[in-house]
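Engineer: Structure for the following, please:
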Amino acid sequence: MSGHGEAQGMISAKSGPLKGEAAVPGDKSISHRSLIFGAMAVGETRISGLLEGQDVIDTAKAMRAFGATVTRHGEGNWSVNGVGVGGFQEPADVIDCGNSGTGVRLIMGTMATTPISATFTGDASLRKRPMGRVTDPLSLFGTEAYGRKGGRLPMTVVGAADPVPVRYALPVASAQVKSAVLLAGLNAPGETVVIEREPTRDHSERMLLGFGADLTVEKTAEGHVITLKGRPELRPQTVAVPRDPSSAAFPVCAALITEGSDIRVPGVSQNLTRNGLYITLVEMGALIDFENPREEGGEPVADLRVRFSPDLKGIEVPEERAPSMIDEYPILSVVASFAEGVTIMRGVKELRVKESDRIDAMARGLEACGVRIEEDEDTLIVHGMGAGGIPGGATCKTHLDHRIAMSFLVAGMAAKREITVDDGSPIVTSFPIFETLMNGLGAAIRRG
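Structural biologist: Here you go, the predicted structure:
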């Protein structure tokens, strides 16, 4: 499947029990960051378990364009010979970040305090997404950005020649914005401070510390105050990328709603800023065992045993949990459709500016499959239909969004009638083995 080529319709039919081991790919967030931090270190960083989805491949290409040497040594095994903090060279061509909002925003932050210019673009979905939430705080360092109306790609970023340190309070909970500001702060003098009222995924902070940055995190009345001392020499590292909890969500949720299923998902990250979905599923009555807890690559991980859960109940998901599961609300809405009662998801307005308006995309698709939905700007409410299955039988629009596509394909595994998605090609951006892995467990997904 290609996230940049022709649309590829896919069909998911009711399957038998899912069985076996689901070895999902490496974590996308950590994969992006391992390439970027490796490019800013002096020396060779070795990476194992790298997610080789198109989003991450595009970030690897970008790091090469900025002067780092990035080499693939075999499946998931890569090395990066970095150029040091502030050592990026001006790229000779436009940087195409494909479908990746994480990639483009982190890379913009990384080059924002180096006196070079770079022009960024992406696919049709990424070109619709607002970049002002990153370029506005980057302008405080002295960076300039020139894009299309509404702060959209293509966009040229001119790095600050004489950057100044910044103190910035995040207006919305966003790990991408937080990380972009911290990355820019690496090449600014003095101390850059980021304040977040609600904690977001902390991979950047963990990896900065691992690479040798001088960084502290303090919990105060303002929130989490992250202080970074600029212009360190980052040390190359050996990075073992744990398996992605957002990718694991799809086989996990498929097993919960598909009768007779019993699967194992090894080595899944249990980072507290990423595990909101799993807490929510257990509260709903999901049969998930967290086995062999351990630490890999500086991240807590566990093996998950997941069984069909016929007694799922609708719940109200706490609004403050949203930052730790923002990417998982689409697949949670599918599980909620197979639960008894009402599931209320509040504080989810960030979903409206993801690869698509995910609230609208899931609402319209689930309605087409026979599920009653309520929504407003910041809320999605699903009226569950129980383990007997939703009617299905619809063609759902994915809007070039990989998570929407995978969510509806999971729904088709347990619906009464098969579910079609109009375009499954974007799945390759984050989970290139999705179709093979799910069919290997017993799903019935086909091209159509």
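
Engineer: count of neighbours near the nearest residue to residue 152 once chain neighbours are set aside?
Structural biologist: With sequence-adjacent residues excluded and distances taken as CB to CB, 6 or more residues apart in numbering, residue 152 is closest to residue 127, at 6.0 Å. For the C-beta atoms, the positions are set from N, CA and C on the backbone; glycine is no exception. For residue 127, the neighbour count with other CB atoms under 10 Å is 16.

Engineer: Then residue 196?
Structural biologist: Around residue 196 there are 23 residues (other CB under 10 Å).

Engineer: For it, give the beta-bridge partners.
Structural biologist: Going by DSSP bridges, residue 196 is paired in beta bridges with residue 224.

Engineer: Give me the pLDDT for it.
Structural biologist: What the model reports as pLDDT for residue 196 is 96.

Engineer: Check the gap between it and residue 202 for me.
Structural biologist: 10 Å (CB to CB, to the nearest Å).

Engineer: What of residue 144?
Structural biologist: 29 Å.

Engineer: Those two: which is more packed in?
Structural biologist: Taking other CB under 10 Å, residue 144 and residue 202 do not tie; residue 202 has more neighbours (21 against 14).

Engineer: Surely the more buried one is in contact with residue 269?
Structural biologist: No - assessed by CB atoms under 8 Å, residue 202 is found out of contact with residue 269, at 11.6 Å.

Engineer: OK, contacts around the residue lying farthest from the centre of the chain?
Structural biologist: Centroid-distance maximum for the chain: residue 162 at 32.6 Å, with CA atoms, centre = their mean. Neighbouring residues of residue 162 by CB atoms under 8 Å, 6 or more residues apart in numbering: residue 142.

Engineer: so where's the stretch 151-300 of the chain uncertain?
Structural biologist: Residue ranges of the stretch 151-300 of the chain with pLDDT under 70: 297.

Engineer: now the strands for it?
Structural biologist: Here the stretch 151-300 of the chain has its strands, by DSSP state E, counting those that start in this stretch, at 152-158, 167-169, 191-196, 215-220, 223-229, 238-240, 262-269, 287-296, 299-307.

Engineer: Which one of the ones you listed lies nearest to residue 15?
Structural biologist: strand 262-269 (12.2 Å; CB to CB).

Engineer: Quick one: distance of that closest one to the chain centre.
Structural biologist: Centroid separation for strand 262-269 versus its chain: 18 Å, with CA atoms, centre = their mean, to the nearest Å.

Engineer: Same question for stretch 259-271.
Structural biologist: Counting by CA atoms, centre = their mean, stretch 259-271 comes out at 19 Å from the chain centroid.

Engineer: try stretch 221-233
Structural biologist: On CA atoms, centre = their mean, the centre of stretch 221-233 falls 23 Å from that of its chain.

Engineer: which outside residues touch it?
Structural biologist: For stretch 221-233, the external contacting residues (CB under 8 Å, 6+ apart) are 42, 84-86, 165, 169, 178, 182, 185-199, 205, 208, 212-219.

Engineer: which of those residues are buried?
Structural biologist: Buried residues within the contacts of stretch 221-233, counting neighbours by 16 or more other CB atoms under 10 Å: 84-86, 165, 178, 182, 185-188, 191-196, 198-199, 205, 208, 213, 215.

Engineer: How many residues are close by residue 44?
Structural biologist: 15.

Engineer: One more: residue 124?
Structural biologist: 10.

Engineer: I figured it hits residue 399, correct?
Structural biologist: No - Residue 124 is not in contact with residue 399 according to CB under 8 Å; the separation is 9.8 Å.

Engineer: mind listing what the closest residue to residue 55 other than its chain neighbours touches?
Structural biologist: Spatial nearest neighbour of residue 55, excluding adjacent residues (CB to CB, 6+ apart): residue 100 at 3.8 Å. Residue 100 makes contacts with 32, 55-56, 58-59, 122, 126, 429, as judged by CB under 8 Å, 6+ apart.

Engineer: Would you state the strands of the stretch 301-448 of the chain in chain order?
Structural biologist: 316-317, 342-346, 372-376, 379-383, 395-396, 419-421, 444-447.

Engineer: And the helices in this protein?
Structural biologist: All helices of the chain, identified by DSSP state H, fall at 28-40, 54-65, 101-111, 132-139, 175-185, 203-210, 245-257, 276-284, 329-337, 358-368, 402-414, 434-441.

Engineer: Counting by contacts, list what the second one packs against.
Structural biologist: Contacts of helix 54-65 with other secondary structure elements, assessed using 3 or more CB pairs under 8 Å, 6 or more residues apart in numbering; DSSP states H and E, are made with helix 28-40, strand 69-74, strand 95-96, helix 101-111.

Engineer: Save those as TSV, and put in distance to residue 6 too.
Structural biologist: TSV is the format used below for the helices and strands packed on helix 54-65 (distance: least, CB to CB, whole Å):
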stretch	distance to residue 6
helix 28-40	24
strand 69-74	27
strand 95-96	18
helix 101-111	23
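
Engineer: give me phi/psi at residue 235?
Structural biologist: Backbone dihedrals for residue 235, given as degrees, to the nearest 10, come out at phi -100, psi 140.

Engineer: nearest spatial neighbour of it, skipping sequence neighbours?
Structural biologist: Nearest to residue 235 is residue 212, by CB to CB, 6+ apart, at 4.2 Å.

Engineer: Quick check, the one you found in contact with residue 236.
Structural biologist: No - applying CB under 8 Å, one finds residue 212 not in contact with residue 236, separated by 9.3 Å.
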